[in-house]
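Novice: I would like to see how this sequence folds:
(chains A and B)
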Amino acid sequence: MSDGEPLVRWQWIGDHAGELADYTAVHLRLGLLPVLFGLIISVPLGILCHRLRWLYPPVLTVANVLYSIPSLALFMIFVRYTGLTEQTVMIPLTLYTLSVLVPNVVDGLASVPEPVRLAATAMGFGTVRRVVQVELPIAVPVVIAGVRVAAVSSISLVAVGQLIGQGGLGYYITRGLQLDFPTPIVTAIVLIMLLALTTDALLVLAQRLLTPWSRSKVTAS
Amino acid sequence: MIRFDAVSKNYPNGTTAVDDLSLELAEGGITVLVGPSGCGKTTTLRMINRMVEPTAGTVSLRGQDIREIHAPELRRGIGYVIQHAGLFPHRTILDNIATVPLLLGWSRKKARARAAELLELVGLPAEMAKRYPNQLSGGQQQRVGVARALGADPPVLLMDEPFSAVDPIVRAELQAEFIRLQKELHKTIVFVTHDIDEAIKLGDNIAVFRTGGKLAQFDTPERLLADPADEFVAGFVGQDRGIRRLSFVKAADVPLRDGPVLPATSPVAPARAVDEPWVLVVDDGRRPLGWAAVAELPESGTLADAPLAPLGHTFSLVGDSARAALDSALLSPSRLAVGVDAEGAVIGVADAYELSAVTAAADVAGAPAGDEVGAEGPAGGER
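Specialist: Predicted coordinates:
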């Protein structure tokens, strides 16, 4: 960084407000769609692992092995198939979420008290209905706890995708490094952190709205 | 109504939960399955709604083999109450109760209206409708569990130790409430418990199981106490079955004599002349005030001036059982039980020996059929 250059030039931020907003939107999409896809894969997979106990250890191992592969390496592998596209970033990020989401779905289902499961069966719920109407709703708090972790880590990982040209706000980080200009770097970091924190706060709010029953501990006479 | 024909349940690991059970449960009565843990009583219960499938034999409901009925459908027609209520934590109390009607495809509005009725029926205030299960006490949750089981007004109710997870006072309340409900609803109820007292209190018929899933005796509570089939049943019903039998004798059948009863306004002299150690002092309405020891009476004045020993408790000739009468005798300083009428006025007294004569009379007359006397009696002093 050249001497005398301030950490943030406010003027630059004002000039690039529109462009920053566009990149923020892209960043959000690249970070959150993988969480959504991850959830779409994890819920059925978690239900299956919960019902077929033998399936869970191998599934968990595969998910953890995937998580241990450095993101850069995974991007490079997928570039061969999907090119320098958004998919190339989103597929690895989706795979990463599985190591958090699958165990949380399984733990969430395991958190359903046995008498509740028994009562549901005895009331005449069929298996599918019982899972959808009783077990999954009760698993929601544990699942959302996993979604929070997955969302925050996914949002911060998007920036790495800049190495294949799809990094959302990561663009400003490489840009700033190339130009030896700190303002875009600082701006991008702050925006990414804000995105992560806001997403997390919204998820907490969503949980409160979805599960009013889980926090109303009280006062029994 | 519900019939077991040579039913057995064996598990692959070699254990036998139920062994060649044949049993017919009458319509409109409470049948209690009782026995030590591992005797197969819960397994037997769960075979009725196909939560457990027998390995041999058939279970039939109103003459139809239940294997011919699709399990979820069968279960929607049978109420089920379990030990820890098992309420759905994510649904409000009202929606918990509306569960089965909703499964049967009722409209939400109709199901909720029905649920509101049931909430009232089990004695819970309407403002609980919108609460969640974890905001209720254990006893309240259990009431909701009963209401939920009654959702679609099923003719059959299965209850698996429904009252065993609550404290004794709440349990007694729930039992009394349960007896009241059954008088109104006349369901066919199969009730599992490990508590023989509860079985005797609630059952019209009792099936005693022994370890290994064998039926030891199937009888009315009176017969079970009077004539246990073998050592095991005798041991299981307990050492005090003689006293328990008194629960089935109405206090009205107890032989009473007039006894030394004097009003508080009476002078001391006639009391001192009584040839008994204690005199029962009563008010103008012949309601008992207490026992006066003849030896400690003052020289003069009225009985109102005499020191009175507390009564212990009286027994009511209109609601209580002979067991309450015997207890009253044992707690009384004079060893005499005091029998009162509905207004609380003294009818007469009896000692423990005189009271014991009623069981002998019952043996001659044969055990009376019907509900246990005093299970919800107004003056029920046995607690």
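
Novice: what's the distance between B:Gly57 and chain A?
Specialist: 22 Å (Cβ to the nearest Cβ, to the nearest Å). Heads up, the C-betas are built off the backbone N, CA and C, glycines and all.

Novice: distance of the residue nearest to that residue when sequence neighbours are not counted from B:Pro154?
Specialist: Distances taken as Cβ to Cβ, 6 or more residues apart in numbering or on different chains place B:Val7 nearest to B:Gly57, at 3.5 Å, with adjacent residues excluded. Separation of B:Val7 from B:Pro154 (Cβ to Cβ, to the nearest Å) stands at 22 Å.

Novice: And A:Pro70, by the same measure?
Specialist: 60 Å.

Novice: what's the answer for A:Ile91, then?
Specialist: Look at A:Ile91 and B:Pro154: by Cβ to Cβ, they are 52 Å apart.

Novice: ok, A:Pro70 and B:Pro154, which is more surrounded?
Specialist: B:Pro154 (18 against 10; other Cβ atoms under 10 Å in any protein chain shown).

Novice: need the contact list for the more buried one.
Specialist: Contacts were defined as Cβ atoms under 8 Å, 6 or more residues apart in numbering or on different chains; by that measure B:Pro154 touches B:Arg76, B:Gly77, B:Ile78, B:Gly79, B:Val100, B:Lys187.

Novice: Helices of the chain, residue ranges please.
Specialist: Looking at chain A here, since you left the chain open. Assigned by DSSP state H, the helices in chain A fall at A:10-15, A:17-51, A:56-68, A:71-82, A:86-110, A:114-123, A:127-130, A:136-157, A:170-179, A:182-210.

Novice: Chain B is the one I meant
Specialist: Assigned by DSSP H, the helices in chain B fall at B:41-48, B:71-76, B:93-97, B:99-103, B:108-121, B:138-149, B:168-185, B:196-202, B:221-226, B:231-237, B:241-245, B:268-272, B:322-331, B:352-365.

Novice: How far away from the center of its chain is the second one?
Specialist: Helix B:71-76 sits 29 Å away from the centroid of its parent chain (Cα atoms, centre = their mean, to the nearest Å).

Novice: Low-confidence bits of chain A, can you list those?
Specialist: Low-confidence segments of chain A, defined by pLDDT under 70, are located at A:1-3, A:216-221.

Novice: rerun that using 90 as the cut-off
Specialist: Scanning chain A for pLDDT under 90 picks out A:1-8, A:71-72, A:163, A:165, A:213-221.

Novice: Can you pull up the most central residue in it?
Specialist: Chain A has A:Ala151 as the residue nearest its centroid, 2.5 Å off, counting by Cα atoms, centre = their mean.

Novice: I'd say that residue and A:Leu32 touch.
Specialist: Yes. The pair A:Ala151 / A:Leu32 is scored as a contact, 6.5 Å apart, by Cβ atoms under 8 Å.

Novice: shared neighbours, those two?
Specialist: With Cβ under 8 Å, 6+ apart, A:Ala151 and A:Leu32 have common neighbours A:Thr199.

Novice: Just give me the neighbour total for B:Val233.
Specialist: Neighbours of B:Val233 (other Cβ under 10 Å): 21.

Novice: now it: how far from B:Ile196?
Specialist: To B:Ile196, B:Val233 is 10 Å away according to Cβ to Cβ.

Novice: and the residue nearest to B:Leu23 when sequence neighbours are not counted, what does it touch?
Specialist: Of all residues not flanking B:Leu23 in the chain, B:Phe4 sits nearest, at 4.4 Å (Cβ to Cβ, 6+ apart). B:Phe4 sits next to B:Leu21, B:Ser22, B:Leu23, B:Glu24, B:Thr44, B:Met47, B:Gly57, B:Val59 when contact means Cβ under 8 Å, 6+ apart.

Novice: if we compare the helices of chain A, which one ends up closest to chain B?
Specialist: Judged by Cβ to the nearest Cβ, the one of those that comes nearest to chain B is helix A:114-123, at 3.3 Å.

Novice: what about that closest one, distance to the chain center?
Specialist: The answer for helix A:114-123 is 33 Å, by Cα atoms, centre = their mean.

Novice: which helices and strands does that helix pack with?
Specialist: Secondary-structure packing of helix A:114-123 (3 or more Cβ pairs under 8 Å, 6 or more residues apart in numbering or on different chains; DSSP states H and E): helix A:127-130, helix B:71-76, strand B:78-82, helix B:99-103.

Novice: Give me every residue in the stretch 151-300 of chain B lying close to chain A.
Specialist: Within reach of chain A by Cβ under 8 Å from any Cβ of the partner chain, the stretch 151-300 of chain B has these residues: B:Leu158.

Novice: Contacts only, for the closest residue to B:Arg245 other than its chain neighbours.
Specialist: Setting aside the residues directly before and after it, B:Arg245 is nearest to B:Leu225 in space (Cβ to Cβ, 6+ apart), at 4.6 Å. Counting by Cβ under 8 Å, 6+ apart, B:Leu225 touches B:Ile200, B:Val237, B:Arg241, B:Gly242, B:Arg244, B:Arg245, B:Phe248.

Novice: buried subset of those residues?
Specialist: Neighbour-count burial (16 or more other Cβ atoms under 10 Å in any protein chain shown) applied to the contacts of B:Leu225 gives B:Ile200, B:Val237, B:Arg241, B:Arg244, B:Arg245, B:Phe248.

Novice: for the stretch 251-383 of chain B, which spans come out with low pLDDT?
Specialist: B:251-260, B:262, B:264-277, B:284-285, B:293-314, B:316-325, B:327-335, B:342-344, B:351-383.

Novice: quick one: the strands in it?
Specialist: Along the stretch 251-383 of chain B, the stretches classed as strands by DSSP state E, counting those that start in this stretch are B:261-263, B:278-282, B:288-293, B:308-309, B:315-316, B:336-340, B:346-351.
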